[in-house]
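>>> Would you be able to build a 3D model of this:
(2 chains)
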Number of protein chains: 2
Amino acid sequence: METINRNRPFVAELPSTLVEELSLLLGERFTQSPGVCAHHGHDESHFPDHPPQAVAFVEHREEIAALLRACSAHRVPVIPFGAGSSLEGHVLAVHGGIALDCTRMDRILEIDVEDMLAVVQPGVTRKRLNAALHGTGLFFPIDPGADASLGGMTATRASGTNAVRYGTMRENVLALEVVLADGRVLRTGTRAKKSSAGYDLTRLFVGSEGTLGVFTEITVRLHPLPEELAAAVVPFPSLEEAVQTVIETIQAGVPVGRVEFVDEVCVRALNGYSKTNLVEAPTLFFEFQGSKRSIEEQVETVAAIAREHGGEHFAWAIKPEERNRLWEARHNALYAALSLRPGSKAISTDTCVPISRLAEAVTRSRAAIDASGFIAGIAGHVGDGNFHVVILLDPTNPEEIAGAEALNAQIVTIAQSLGGTCTGEHGIGMGKREFLRREAGEVAIDVMRAIKHALDPFGILNPGKVLP
Amino acid sequence: METINRNRPFVAELPSTLVEELSLLLGERFTQSPGVCAHHGHDESHFPDHPPQAVAFVEHREEIAALLRACSAHRVPVIPFGAGSSLEGHVLAVHGGIALDCTRMDRILEIDVEDMLAVVQPGVTRKRLNAALHGTGLFFPIDPGADASLGGMTATRASGTNAVRYGTMRENVLALEVVLADGRVLRTGTRAKKSSAGYDLTRLFVGSEGTLGVFTEITVRLHPLPEELAAAVVPFPSLEEAVQTVIETIQAGVPVGRVEFVDEVCVRALNGYSKTNLVEAPTLFFEFQGSKRSIEEQVETVAAIAREHGGEHFAWAIKPEERNRLWEARHNALYAALSLRPGSKAISTDTCVPISRLAEAVTRSRAAIDASGFIAGIAGHVGDGNFHVVILLDPTNPEEIAGAEALNAQIVTIAQSLGGTCTGEHGIGMGKREFLRREAGEVAIDVMRAIKHALDPFGILNPGKVLP
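Residues are numbered from 1 along each chain as shown, chains lettered A, B, ... in the order given. Got it, this is the predicted structure:
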């Protein structure tokens, strides 16, 4: 075994030859300006800033390849950077190095309506893609809340409110073009909907968090816009009753578009932030999709299940503006929560459990929160068994950070003990590497390391993330 | 670089110390009996027999681990063996070695109705799993035609007629327990429906064709049984019209349960073999699933689309026995085709193309067949763009084999030129390795090789398959 340095290069200063080389390559698009570096030193996580020593605003695949070849030669870390909306410190330059800013690679290369797919560069955000799809009858459903870049969403295997019906990035990325650490360009997948041709490299890169390669083209699946939509909000007497309603809905095979849980703390925050008048109780947000008849049928089934669990008061929103207002409120949950304690930052937990254990996971997590004394709302994509506890903390108070991290660890332990995972959609990033070890086991970590080493022998790609 | 032998061990005779060691380990369950070896030397492909030098009937994970450790030490190939229903020579011992017969590992370890999953050993076949699910309201949808083992289906990323609605093994395997080449036991995935925790090792092993590890436990997703089912058969004036009907059905977002195409040659074979009276024309088989209302709606939409394309005569089968008879006929397509030419074997092509190119792919494939002079029917899972040309040949005639292989290559070239893949569900096995190289490119092959080498440095696991 070589030393730890091979896998975790650390640079305090960039070699001057590398700086010259990259300045020649990128001109003013390679910068060591402290302001620009500072801007690339943080994301939406609570981790302290770690600015890179330089930022490269790349515009072409060939530039990325040349940059990676140069950084491989100099053993300098490269950290892919998209919208900066990571909640797990993915973009922090914890080992120094260069932020590879992909936001200028923002072209939508192709929209193929017949085959229901789009080919985009990594800097395209999901909202821009959906705006471009206007009028085609198609949409791209994956929606992590933030207007994240497709590159970042692919890297973290993102999902969100629509995943219960449309799957996650895992199911919705068809093919990738990736620049490897040594500058070679890899293409994975085809345009065919399914394939048994060799190892599933596409899925290996989806969720690799910038540690195995840099995406330059992403082919995503699109879906027909639902004929009709209807949204409903239903308060429940207890979180168990709300969660049980979700479990039975899923088990009945109802193809709900979305089903989201927010607890009373969260509802209070939403009411304050989005000026809604929701009952402050454990609440489910539903979206139903399909033809008029199909929606009627879904609603009948779900209303009957909800009624059995004390969920009587369906507040309906049929018109687009009402629906949007409702879902906008749900989408702003993180920001709404932050407004409960001005100046605070949040740690958002991200556990996901088998649906039969969801009520237990949420109840035990709530008990842990209450014992901790933190203010924290619970909101989640409960149709998938995934929920977030948004723990508010003062980012200047080390004691609070430690306390919040301990609470997060407790909540992860609860999920893992119930057969679940430490992260449903945010990724491992910096803070969950030890949780990953516990969840996956030493053999899995060894296999991941062996793959990492095979593809990035000098460990220059986003070091300090994913692997413990 | 070391020599080619490292990656492709070849043994003419097993080392006597290994034979002793494995006899001690397995007793009579380790055998060199020529009859048993011969039985493990072929599958349902047209490739010539390649019997192993021994067969190990394993019953426990620990036996597999011990066997793999011993075979690693001796550099002796190990070929996992399930139902033997591969169409691509996956189980042939082309480099000699030991067939690892997993059929005795056939326990259904758990059926979890609430979480809609089952944990099985690799030797459980899909029919046995579904029989065990009787009365639970759930089923396991993946159906490759043959009563394959779940281990083999996981290894080839199998799918079949239900994939258009339920996905393939890729979407339906939640977690795996795998013994690696060096005997270590790897666990991948959790019971949570989604996860962003590290590299997607589950998906790496699904479709690895026995070359990366041996499955010992497979956790699969189950689905609620549809409330109602209805089946219909519709003949069309031309294959273009039939295929266009499928394209528009998919684009309209109709959640069809299954939609299968069979051409007139295939219909003739089905009529002869299954005593059906279908019109000998390009034909679609539909299955609709859901509530009564939802099925009515689906049928209305599809009937309107079909009518525009000259598909007027919907023959309905509502009662279970009629439906089963109909689908049984479709399922027997391969055997029906073989009956067209007694004594023949078949090469089944397996291309899959983006759906917009499906009509072109099928038409050009039909032209290639007609020019070749072979008898060959076309049947396919057209909702996914996947179709099979079943080329009948005399397995004792080398000229015919060469001709059929050339025709297969032509059909693959057509699919790849249209953005498709050489295999939608059968896998690469022995015969498609050069097609994989052309499809995936040298960099992808290098990456696959690097992963293979990282996990199986001595190349003992199913050598001569997948990688060119």
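>>> so where's chain A uncertain?
Under the criterion pLDDT under 70, the flagged ranges of chain A are A:1-9.
>>> which residues are contacting the longest helix along it?
Using DSSP state H, we find that the single longest helix of chain A is helix A:398-417. By Cβ atoms under 8 Å, 6 or more residues apart in numbering or on different chains, the list of residues contacting helix A:398-417 from outside reads A:46, A:347, A:349, A:351-353, A:361, A:364-365, A:368-369, A:372, A:374, A:376, A:389, A:391, A:393-395, A:421-422, A:431-432, A:435, A:438-439, B:190, B:192. Backbone N, C-alpha and C define where each C-beta goes, glycine included.
>>> Tell me the helix or strand right after it.
Downstream of helix A:398-417, the next assigned helix or strand under DSSP states H and E is helix A:433-440.
>>> that older thread, now the contacts of helix A:398-417: which count as buried?
Among the contacts of helix A:398-417, the ones that count as buried by 16 or more other Cβ atoms under 10 Å in any protein chain shown are A:46, A:347, A:349, A:351-353, A:361, A:364-365, A:368-369, A:372, A:374, A:376, A:389, A:391, A:393, A:395, A:421-422, A:431-432, A:435, A:439, B:190, B:192.
>>> Now intersect those with the strands, please.
For the buried ones among the contacts of helix A:398-417, the ones inside strands are A:347, A:376, A:389, A:391, A:393, with DSSP state E as the criterion.
>>> Run through the bridge partners of the third one.
Residue A:389 forms beta bridges with residue A:378, as assigned by DSSP bridges.
>>> what sits against it?
A:348, A:349, A:365, A:369, A:376, A:377, A:378, A:407, A:408, A:411.
>>> How much space separates it from residue A:211?
Counting by Cβ to Cβ, to the nearest Å, the separation of residue A:389 from residue A:211 is 27 Å.
>>> The second one now?
Going from residue A:376 to residue A:211 by Cβ to Cβ gives 30 Å.
>>> what's the answer for the fourth one, then?
The span separating residue A:391 from residue A:211 equals 27 Å under the rule Cβ to Cβ.
>>> any idea which element residue A:176 lies in?
Residue A:176 belongs to strand A:173-179, assigned by DSSP H and E.
>>> Centre of the chain to that strand, how far?
Centroid displacement of strand A:173-179 relative to its chain, using Cα atoms, centre = their mean, to the nearest Å, is 18 Å.
>>> can you list the residues that contact the helix or strand following that strand?
In the C-terminal direction, the helix or strand that comes right after strand A:173-179 (DSSP H and E) is strand A:185-188. Contacts with strand A:185-188, where a contact means Cβ under 8 Å, 6+ apart, come from A:61, A:65, A:175-180, A:201-202, A:205, A:213, A:216, B:440-441, B:443-444, B:447.
>>> and strand A:185-188, which strands flank it?
According to DSSP bridges, strand A:185-188 has the following sheet partners: strand A:173-179 (antiparallel).
>>> To what extent is the closest residue to residue A:46 other than its chain neighbours buried, counted in neighbours?
Taking Cβ to Cβ, 6 or more residues apart in numbering or on different chains, and ignoring the residues beside it in sequence, residue A:46 has residue A:345 as its nearest neighbour in space, at 4.6 Å. If you count neighbours by other Cβ atoms under 10 Å in any protein chain shown, residue A:345 ends up with 19.
>>> Phi first, then psi, for residue A:345.
Phi and psi for residue A:345, reported as degrees, to the nearest 10, are phi -110, psi 170.
>>> what's the distance between it and residue B:368?
With the distance defined as Cβ to Cβ, residue A:345 ends up 63 Å from residue B:368.
>>> One more: residue A:291?
Here the distance between residue A:291 and residue B:368 works out to 41 Å (Cβ to Cβ).
>>> same question, residue A:82
As for residue A:82, its distance to residue B:368 is 45 Å (criterion: Cβ to Cβ).
>>> again, but for residue A:121
Residue A:121 is 37 Å from residue B:368, by Cβ to Cβ.
>>> And residue A:35, by the same measure?
Noted for residue A:35: a distance of 62 Å to residue B:368, by Cβ to Cβ.
>>> likewise residue A:45?
Residue A:45 sits at a distance of 56 Å from residue B:368 (criterion: Cβ to Cβ).
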